[in-house]
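Visitor: give me a model of this one.
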Amino acid sequence: MVKVTWTRRVIEDIYEIREYYSGYSARLAYQITDQIFEKETFLS
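Guide: Numbers count the residues shown, from 1 in each chain. A predicted model of the protein is given here:
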């Protein structure tokens, strides 16, 4: 089993990704970043 540790920098980067894509589509921005966080369950 793998333990994922989200550092402050990584979380900030992910939210910057969300902000960038929200200029194109708010729905897409949330989907992309939510999928990043959901990948943790595959590793745990």
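Visitor: which residues touch stretch 11-24?
Guide: With C-beta atoms under 8 Å, 6 or more residues apart in numbering as the test, stretch 11-24 has contacts from 28-30, 32-33, 36-37. Where C-beta positions appear, they are placed from N, C-alpha and C, glycine not excepted.
Visitor: tell me the average confidence for it?
Guide: If you average the pLDDT over stretch 11-24, you get 95.
Visitor: quick one: it to chain centroid distance?
Guide: 8 Å (C-alpha atoms, centre = their mean, to the nearest Å).
Visitor: and what of stretch 29-44?
Guide: Centre-to-centre, stretch 29-44 and its host chain are 6 Å apart (C-alpha atoms, centre = their mean).
Visitor: ditto for stretch 28-42
Guide: Offset of stretch 28-42 from its chain centre (C-alpha atoms, centre = their mean): 5 Å.
Visitor: now Y15, what's its secondary structure?
Guide: Counting by DSSP: H, G, I helix; E, B strand; the rest coil, the backbone at Y15 sits in helix.
Visitor: what is the burial count for it?
Guide: Y15 has 12 neighbours, counted by other C-beta atoms under 10 Å.
Visitor: that one and Q35, how far apart?
Guide: Y15 sits 14 Å away from Q35, going by C-beta to C-beta, to the nearest Å.
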